[in-house]
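**Q** Compute the structure for the input listed below.
(one chain, ligands or ions: 1)
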Amino acid sequence: MKPDSIRNASDVIHERSDYKNWLPKGMIYTALAISAAFFILFVIFGVSGLIKPGVLRTVLFIIFLLGAVIGIIISVWMILMYRAFSYNGKRKLSKRVIEGIADYVSLPEGGKGLDVGCGSGALTIAVAKRNPNAEITGIDRWGKEYASFNKMLCESNAKAEGVTNVKFRQGNAVNLGFADESFDAVVSNYVYHNIPGDRQSYLLETLRTLKKGGCFAIHDTFSKSKYGDMQAFVKKLKDMGYKEVRLISTTDGIFMKKSESGWMGLSDSALLTGIK
Ligand SMILES: C[S@@+](CC[C@H](N)C(=O)[O-])C[C@H]1O[C@@H](n2cnc3c(N)ncnc32)[C@H](O)[C@@H]1O
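**A** You can find the predicted model right below:
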């Protein structure tokens, strides 16, 4: 490795890929801070002698104690999820899901692929590795709740993995800005459920950019409350001429176990796949 003094900007990268975590650390810290605040309020107003014994003190005692207990339960749940998702932990759920989706994608020589909501670049890079003669573009709006994901991180991960057939750019899943039929394959993982509004229309926006004959592999939590009737959506795609359209549950062992998906709140996880 070059000494620090002669390393240039493109060298200032992680030497190993670091895909971060689907659960932002900031959310865990926020949950812990809220629990601590409730606990302090509980001690001040519910236990110390600041307020005389009576109805008010009893009410505050109950409210602040409940707040602290619920906060701690949520914090512990988040920490367990963080560990399960971690690329370095025992379960490596994120890695399993990413590689599982990438296995569904095959691009022609010189073909172009799109990963919508690429985050830290994991799926873009996994698809690029399996299709070395194609070019994959990862787009993401970045920032907001997923503050640890950004374009530089994606680029440094690609470099660390020795992958050059990728591009990353800022973009919005709601309005991708690519011409119709620009890509030979489109993929996405756990993105659209984050975006309020008509999620089926976001799927159509992604599929709009897919060439006829191109394949798609879109993984998400397709709950009825977020997506509406996905079986009707599958039928709609078939009526539009799409082939081999399937909505495959990924919680019965393909990507994760049912028990895992349950406690993680991922039980509606499924892969929407097919050919345009
Ligand atoms: C759970 S992360 C998944 C990241 C990546 N697909 C993966 O599997 O590692 C969700 C990602 O969706 C992105 N996202 C959310 N809303 C978006 C939008 N409207 N357009 C593009 N990306 C969006 C977030 O910035 C975040 O990177």
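
**Q** How many residues are close by the closest residue to the ligand within the chain?
**A** Residue of the chain nearest the ligand, by C-beta to the nearest ligand atom: G119 (2.6 Å). In this view, the C-beta of every residue, glycine as well, is placed from N, C-alpha and C. Neighbour count for G119, taken as other C-beta atoms under 10 Å: 26.

**Q** What strand or helix carries it?
**A** Element membership of G119 [criterion: DSSP states H and E] is none; it lies in no helix or strand.

**Q** quick one, what contacts it?
**A** Residues near G119 by C-beta atoms under 8 Å, 6 or more residues apart in numbering: Y19, K20, W22, D140, Y146, F149, C154.

**Q** Kindly report the same for F42.
**A** By C-beta under 8 Å, 6+ apart, the neighbours of F42 are L60, F61, F64, L65, G67, A68.

**Q** Count residues in the vicinity of L203, would you?
**A** 24.

**Q** which SS state does N88 fall under?
**A** At N88, secondary structure determined by DSSP: H, G, I helix; E, B strand; the rest coil is coil.

**Q** What degree of burial does it show, as a neighbour count?
**A** With other C-beta under 10 Å as criterion, N88 counts 10.

**Q** What of the one 5 residues further on?
**A** Applying other C-beta under 10 Å, we find 23 residues neighbouring L93.

**Q** before we move on, what about G110?
**A** 9.

**Q** That one in helix, strand or coil?
**A** Classified using three-state DSSP, G110 is coil.

**Q** what is the mean pLDDT for the host helix or strand of L203?
**A** Assigned by DSSP H and E, L203 belongs to helix 199-208. Averaged across helix 199-208, the pLDDT comes to 98.

**Q** Which of the residues in stretch 207-220 are classified as buried?
**A** Across stretch 207-220, burial judged by 16 or more other C-beta atoms under 10 Å covers L207, T209, L210, K211, G214, C215, F216, A217, I218, H219, D220.

**Q** Narrow the contacts of F42 to those in helices?
**A** L60, F61, F64, L65, G67, A68 (DSSP state H).

**Q** per-residue confidence at the last one?
**A** A68 carries a pLDDT value of 96.

**Q** what residues are up against it?
**A** A68 neighbours (C-beta under 8 Å, 6+ apart): S35, F38, F39, F42.

**Q** Check the third one too.
**A** Contacts for F64 (C-beta under 8 Å, 6+ apart) come out as F38, F39, L41, F42, F45, G46.

**Q** Show me the strands in this structure, by range?
**A** 112-116, 135-140, 166-170, 183-189, 210-221, 243-249, 269-275 (DSSP state E).

**Q** what does stretch 141-161 contact?
**A** 10, 13-21, 24-27, 117-122, 124-125, 128-129, 138, 140, 164, 166, 168-173, 194.

**Q** Write the PyMOL selection for whichever of these are buried.
**A** Here is the PyMOL selection string for the buried members of the contacts of stretch 141-161, based on 16+ other C-beta under 10 Å:
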select buried, resi 13+17+18+19+20+21+24+27+117+118+119+120+121+122+124+125+128+129+138+140+166+168+171+173+194
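
**Q** Output the set of residues of the stretch 101-250 of the chain in proximity to the ligand.
**A** 117-120, 122-123, 140-142, 146, 149, 172-174, 189-191, 194-195 (C-beta under 6 Å from any ligand atom).

**Q** switch to 8 Å and redo it
**A** Counting by C-beta under 8 Å from any ligand atom, the stretch 101-250 of the chain comes close to the ligand at 115-123, 139-146, 149, 171-174, 188-192, 194-195, 202.
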